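A.B. asks: the sequence and its predicted three-dimensional model are supplied below.
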Amino acid sequence: MIFADLVNFESLTPFAIFGLFAVIAWWVLGVISTGKPRAEQRLEQIKNPRSRSGRLESSLKKQDALSRMIEKASPALAKPLEPKSDLEKSKLKIRLANAGFRGDGAATVFLGLKFAGLIVGLTIGGAAAVGAAGINQKSLMMMVFVGGCLFYLPEIALKFLVSRRQMAVFLGLPDALDLLVVCVEAGLGLDQAMRRVSEEMLGTHRVIAEEFGVANFQLQMGRTRNEVLHELGVRTGVADLRGLAAVLIQADKFGSSIAQALRVQSNSMRTRRRQIAEEKAAKTAVQLIFPLVLFIFPGIFVVLVGPAAITMIKEMFPLMEAAS
């Protein structure tokens, strides 16, 4: 009783809650930061390369198991959505290749994900709508809406991946062309120069390095250079890279200087990239109009006109009362 009188437990409640949250945050940070620093990990990898290979093999096994499971379930799910003509199949494969999915089963997995999203959306949306509003037209519309959203979700994700990958190729292409020019002028052939670019730019521009690596691998497999360059432009979907492929094909066909063609193409791409940046900068003034009108001008109007309006109201009320 004496201790309870001396200490007010209600006043200690906020401190107890703060201490509980502090302990939870400390535990979460400890779980997140259980890994060793990057420098120590690199030293351990140098001392014991087998540990790195073991972790890599375990992660690859998990990814292979997941991919095999998806590939086994995809054909049955993708069968209702399979394209009827070869043209539609080729267009779908090109879109998937533009996003970086070049496997033979990429189209089947994509269509399977769409159909699975439709089934899951209809099931979850129908259960939620029936549980919330009962069986009526509103719940039916909600079920169809959720199913349609999940059905088109892979399409939206694919468009996002395609645009991001094409932008990465567009931004890294001038640097890749400069390195190609240096390699070609140093005496390397175009095939060796592409392999060198794919090795050197893997850390800075990974997407274009992978594309050049795939093209170099196709050349090593015996395909002609014209086919490989044409497929490189189609696979990426970037207009500048398609133009570069056409220029290299023409230079190889007529025997002109490949280094000069690469230099001219690099300069034109840098000019185009600078023009795009200037265009975006010029559009900034127009795009700022709507935030200014909707968010900034009302606040400025209240600050400037508010005191005057209050003064006018105070002066007008006595006159109105006197007149009445």
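C.D. replies: Cool, the structure landed.

A.B. asks: can you name the next helix or strand after the helix or strand containing E231?
C.D. replies: Using DSSP states H and E, E231 falls within helix 225-236. Downstream of helix 225-236, the next assigned helix or strand under DSSP H and E is helix 239-254.

A.B. asks: hmm, back to that, show me what the helix holding E231 is packed against.
C.D. replies: Judged by 3 or more CB pairs under 8 Å, 6 or more residues apart in numbering; DSSP states H and E, helix 225-236 is in contact with helix 86-98, helix 137-185, helix 206-220, helix 239-254. Backbone N, C-alpha and C define where each C-beta goes, glycine included.

A.B. asks: quick one: closest of those to A116.
C.D. replies: The closest of the helices and strands packed on helix 225-236 to A116 is helix 137-185. By CB to CB, the value is 8.5 Å.

A.B. asks: in contact with the residue nearest to F145 when sequence neighbours are not counted, which residues?
C.D. replies: Excluding the flanking residues, the one nearest F145 by CB to CB, 6 or more residues apart in numbering is G125, at 6.9 Å. Residues in contact with G125 (CB atoms under 8 Å, 6 or more residues apart in numbering) are M142, M143, V144, F145, V146, G147.

A.B. asks: can you tell me which of these is closest to G117?
C.D. replies: G147 (8.0 Å).

A.B. asks: quick check: that closest one touching A127?
C.D. replies: No - between G147 and A127 there is no contact under CB atoms under 8 Å: 11.8 Å.

A.B. asks: out of those two, which sits in the busier spot?
C.D. replies: G147 (20 against 13; other CB atoms under 10 Å).

A.B. asks: so how far is L288 from the more buried one?
C.D. replies: 39 Å (CB to CB, to the nearest Å).

A.B. asks: re earlier: please type out the PyMOL selection for whichever of the contacts of G125 turn out to be buried.
C.D. replies: Applying 16 or more other CB atoms under 10 Å to those leaves a buried subset, and the PyMOL line that selects it is:
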select buried, resi 142+143+146+147
